[in-house]
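> Give me the fold of what follows.
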Amino acid sequence: MVLVLYANMYSFVFLQLLTLYVLSCSVPGFLAGNDNSKDYCIIGAGPGGLQMGYFLERAKRDYVIFERANTSGAFFIRYPRHRKLISINKRHTGKTNKEFNLRHDWNSLLSDDESLQMRHYSKEFFPPADDYVRYLRDYAKNLELNIQYNTNIGNIQRVAKETDGNVTHHFTMDDQSGNGYTCRYLIICTGISTPNDPDFLGSEHTDSYDDMSLDTDDYEGQSVLILGRGNSAFETADHIVGSTNLIHMISRSRLRLAWETHYVGDLRAINNGLLDTYMLKSLDGQLEGDVADMMIIKRSDGKLVLGVPFDRDALSELRRDLENGNISSVNISERFNVDEMTVDTLDFGLPDNFALRDPYDRIIRCLGFKFDFDIFNSKSCNVTAGQGRKKKFPAIKANYESLKVPGLFFAGTNTHSLDFRKSAGGFIHGFRYTARALHNILEWRNHKVPWPSVRQPITELLNHIIKRINEASGTYQMFGVLGDVIILANDDTEYIYLEEYPLKMLHAIPGITGYSANRILVVSLEYGYDFSGPGKDVFRRNRAIGEPSEAHLSNFLHPVIYFYKELPSIEAMRLISKHPGAVLPEPIKVHHMVEDFLTDFSAPVSHVLVLRRFLESCIEQDLRNFFDNQCFWMALTHSSPPESCKTFFLKGQRLPPYFELQGSLTREQYFGKEETIKREMEAQRHRQADPIDELKPDVRNVGFGFEEHSEL
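Okay, here's the model as predicted:
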């Protein structure tokens, strides 16, 4: 009897353990070895979410990535619809420097794994989207990121909790199965993945970029109208142009070409084939107009008629009737007798040469994407949209935090409202660096880990800057948004170098990085003012500057160095938003390095010499390096030797005299016998009169002119 009881008991325990195991493997809401609570929750396992996950994983933080699909990078399984990326995959640059090569690799995410570079996954300059899906899967797998798939998060709320009189906040959320989760900090990386489908009269008669047929035979001999003028619209046109009678394209605003604006989100050359057939008058065309002011009516023969009511009041009345259910799209067709319409009887008050007067077989909406705000509970987590053209993005602060919800952060494409049409923050090659900046911000804010930095003697500053402006990828891709900040320390004898700092947070360096700062230099890469923009002639003959004295007129991307004796105020930072061409508030001094055709800013005279002189004017020191015999002489004859002499020679380190660097030359062969004897006697006299060990430089006369001692 007892044996049977024990057997039943063990069977029961075994079944319970088996049930828990099955749950941990199959139920999305179950986090193995943990309750459903984490310090960090990342929503979305696309490129932005994976990049944030990598930084949290490397820092050994408590985190989880929620992904609604069964794989990472699910967006790229469906988009772009025509399966060709427009982010470049330049596999060869002639250099082996990984950081430099990332300037021309727009697809790879940051990691320590050398195998996780897109050049190993595709040889094509514009890779297939399927190859990128494979890359993202390997990235998640090889780096062992903590991702919970098949978990569709919604109902996100910010909840207050009081403990011993202290009120703290955390976030709660649910998945599609009703499982709840809790986290202290929430990072949204869902991207801009919801198709933008504005409501207009007759929109139900159109096809969407999201569900259009990819079979070109379906467009054989058809006349097609495309709504939109972005890359998805032109990508669609290029895909079907060989099958159609004609393609017309209409958009709310004028066409923006990426080579004119230097904004990679504008129309890229790879997609602009329709511009050829338009400008060379081969039936295709592109024009401006707002779809909100139009109506699309379907005739009984299936043809689509586009109308722009001359009477705006009549259009408004139709909208109200449609919204109130008084009429349907069918009633609209009947009201206007579209089957009997001709150009003469079309009662829209349009001229008889209206550009879009002919009917179409298909109308395709290619109007882009927007952020999905529905995942938030608006009562407790009121995430608002940006203003104007940025309304498709969430409104955020310069530190990537929600404008109205503390503790809620964004990474990836979601953050593009900060640099929309200015830099590359909405694209992989840009937001991989803003994600790292966000991680650095969170490390100090939540864990008191300072911003990664390098502290060096001031004598290394020139070389450090030259190296960064010629190699760094983060400041190169996020030009005008992320910059290097140099904190001058210890009476300007040392500096602290912070890489890829958000320039809009320049006033808040101590609170963001953990370093006190006053006198600073900022290194930013920028295009020339008023060089970029729609309609600009960027190929004009005098488009480039080569004279260092005219460096401030440089047009192409070039380094700009700002010097501040104290941090700009928050008011000064707010004012620059009113000046579109301004990157930072007015500094004490500013230096433009002249643009370079090779983007190589290491020319000894045109770049290095003028930069050194600018730095010397800021810190009031000579930044040249000297040989030991030169340092010895200046230590005896000047009130304040150069900083390189103080740092090395006077501390027992030395740079050999030039003649010793010439191989087998002796001192006598280099100087001559008489000059050698004269120099040795002079050195002996100085050693007897003023030993080096007793030399105490006069710090009151700091400068780079080296005033001589009056007694000498």
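> ok, for residue 505, nearest residue in space, not its chain neighbours?
Nearest residue to residue 505, sequence neighbours excluded (CB to CB, 6 or more residues apart in numbering): residue 398, at 5.0 Å. For the C-beta atoms, the positions are set from N, CA and C on the backbone; glycine is no exception.
> count of residues packed around that neighbour?
By the measure other CB atoms under 10 Å, the count of residues near residue 398 is 17.
> and it, what element?
Under the criterion DSSP states H and E, no helix or strand holds residue 398.
> quick one, what contacts it?
The contact partners of residue 398, taken as CB atoms under 8 Å, 6 or more residues apart in numbering, are 418, 502, 504-505.
> Now residue 477: phi and psi?
Main-chain dihedrals, residue 477, degrees, to the nearest 10: phi -80, psi -40.
> Repeat that for residue 135.
With angles defined as degrees, to the nearest 10, residue 135 sits at phi -60, psi -50.
> Equivalent analysis for the one 10 residues further on, please.
The phi and psi torsions at residue 145 (degrees, to the nearest 10) take the values phi -70, psi 150.
> does the closest residue to residue 600 other than its chain neighbours sit in a helix, a strand or a coil?
Sequence neighbours aside, residue 470 is the residue nearest to residue 600 in space, at 6.3 Å (criterion: CB to CB, 6+ apart). What DSSP: H, G, I helix; E, B strand; the rest coil gives for residue 470 is helix.
> count of residues packed around residue 470?
A count of nearby residues for residue 470, using other CB under 10 Å, gives 18.
> That one and residue 607, how far apart?
Counting by CB to CB, to the nearest Å, the gap from residue 470 to residue 607 is 9 Å.
> what's the overlap in contacts for these two?
The contact sets of residue 470 and residue 607 overlap at residue 601 (CB under 8 Å, 6+ apart).
> Got the confidence number for the residue nearest to residue 600?
Looking at residue 470, its pLDDT reads 97.
> wait, it sits on residue 598?
No: in this structure, residue 470 is not within contact of residue 598 by CB atoms under 8 Å, at 10.0 Å.
> Can I take it that residue 167 is in a strand?
Yes: counting by three-state DSSP, residue 167 is found in a strand.
> which element is the closest residue to it other than its chain neighbours on?
In this structure, residue 167 finds its nearest non-sequential neighbour in residue 160, 5.6 Å apart by CB to CB, 6+ apart. Taking DSSP H and E as the criterion, residue 160 maps to strand 154-163.
> Now that strand: average pLDDT?
90.
> For that strand, list the C-alpha coordinates in PDB.
Taking C-alpha atoms only, strand 154-163 is exported to PDB below (Å, rounded to 0.1, in the frame of the first residue of the first chain):
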ATOM      1  CA  GLY A 154       0.500  45.200 -26.300                       C
ATOM      2  CA  ASN A 155      -1.300  47.100 -23.500                       C
ATOM      3  CA  ILE A 156       1.900  48.700 -22.300                       C
ATOM      4  CA  GLN A 157       1.400  50.700 -19.100                       C
ATOM      5  CA  ARG A 158       3.500  52.700 -16.800                       C
ATOM      6  CA  VAL A 159       2.700  51.800 -13.200                       C
ATOM      7  CA  ALA A 160       3.600  53.500  -9.900                       C
ATOM      8  CA  LYS A 161       4.700  51.500  -6.900                       C
ATOM      9  CA  GLU A 162       5.200  52.800  -3.400                       C
ATOM     10  CA  THR A 163       7.700  51.100  -1.100                       C
END
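> Just the buried positions in it, please.
In terms of neighbour count (16 or more other CB atoms under 10 Å), strand 154-163 has its buried residues at 155-156, 158.
> try stretch 557-568
Buried, per 16+ other CB under 10 Å, within stretch 557-568: 557-564, 567-568.
> Which residue ranges of the stretch 1-150 of the chain form helices?
Secondary structure of the stretch 1-150 of the chain by DSSP state H, counting those that start in this stretch: the helices cover 2-26, 47-58, 75-78, 98-101, 129-142.
> which outside residues touch the fourth one?
Read it as helix 98-101. Contacts of helix 98-101 with the rest of the structure, by CB under 8 Å, 6+ apart, involve 90, 93, 95, 114, 470-473.
> Columns distance to residue 141 on top of those, output as a markdown table?
Shown next, in a markdown table, are the contacts of helix 98-101 (distance: CB to CB, whole Å):
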| residue | distance to residue 141 |
| --- | --- |
| 90 | 26 |
| 93 | 28 |
| 95 | 29 |
| 114 | 16 |
| 470 | 35 |
| 471 | 30 |
| 472 | 29 |
| 473 | 25 |
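> could you flag which of those residues are buried?
With burial judged by 16+ other CB under 10 Å, the buried subset of the contacts of helix 98-101 is 470-473.
> what about residue 541, how many residues close to it?
Residue 541 has 6 nearby residues by other CB under 10 Å.
> Then the one 4 residues further on?
Residue 545 sits with 20 neighbouring residues when counted by other CB under 10 Å.
> Give the bridge partners for the nearest residue to residue 41 once chain neighbours are set aside, please.
Nearest non-adjacent residue to residue 41, counting by CB to CB, 6+ apart: residue 183, 3.7 Å away. Beta-bridge pairing of residue 183 under DSSP bridges involves residue 38, residue 171.
> Tell me how far the residue nearest to residue 505 lies from residue 527.
Between residue 398 and residue 527 the computed distance is 21 Å (CB to CB).
> Then residue 209?
Computed as CB to CB, the residue 209 to residue 527 distance reads 31 Å.
> Where in this protein is the helix or strand with the lowest mean pLDDT?
Within the chain, judged by mean pLDDT, DSSP states H and E, the helix or strand with the poorest mean is helix 2-26; its value is a mean of 45.
> tell me the contacts of residue 269?
Applying CB under 8 Å, 6+ apart, we find residue 269 in contact with 258-259.
> from here on, count from 52
Renumbered: residue one is now 52, and that last one reads residue 320.
> What distance do you get for it to residue 427?
Distance of residue 320 to residue 427, computed by CB to CB: 38 Å.
> One more: residue 516?
With the distance defined as CB to CB, residue 516 ends up 43 Å from residue 427.
> Three-state assignment for residue 300, please.
Secondary structure, three-state DSSP: residue 300 is strand.
> residues in contact with it?
Contact partners of residue 300, counting by CB under 8 Å, 6+ apart, are 276-280, 284-285, 288, 325, 335-338.
> Residue 412 too?
Neighbour list for residue 412: 273-275, 353-355 [criterion: CB under 8 Å, 6+ apart].
> give me phi/psi at it?
phi -80, psi -30.
> still on that earlier bit, filter the contacts of residue 412 down to the buried ones.
Buried by 16+ other CB under 10 Å: 274-275, 355, out of these.
> how about the residues you listed in a markdown table, adding secondary structure?
Below are the buried ones among the contacts of residue 412 laid out as a markdown table (three-state DSSP):
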| residue | secondary structure |
| --- | --- |
| 274 | strand |
| 275 | strand |
| 355 | strand |
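> and which of those residues is nearest residue 153?
Taking CB to CB as the measure, residue 153 lies nearest residue 275 of the buried ones among the contacts of residue 412, at 39.4 Å.
> I'd say that closest one and residue 417 touch.
No: using CB under 8 Å, residue 275 is not in contact with residue 417, being 11.1 Å away.
> can I get the CA coordinates of stretch 96-106 in CSV?
Taking Å, rounded to 0.1, in the frame of the first residue of the first chain, the C-alpha atoms of stretch 96-106 are listed here in CSV:
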residue,chain,number,x,y,z
ALA,A,96,14.0,41.9,-32.8
GLY,A,97,14.7,43.8,-35.9
PRO,A,98,18.1,45.4,-36.5
GLY,A,99,17.5,48.1,-33.8
GLY,A,100,16.4,45.5,-31.2
LEU,A,101,19.3,43.2,-31.9
GLN,A,102,21.8,46.0,-31.7
MET,A,103,20.4,47.1,-28.3
GLY,A,104,20.4,43.4,-27.2
TYR,A,105,24.0,43.1,-28.1
PHE,A,106,25.1,46.0,-25.9
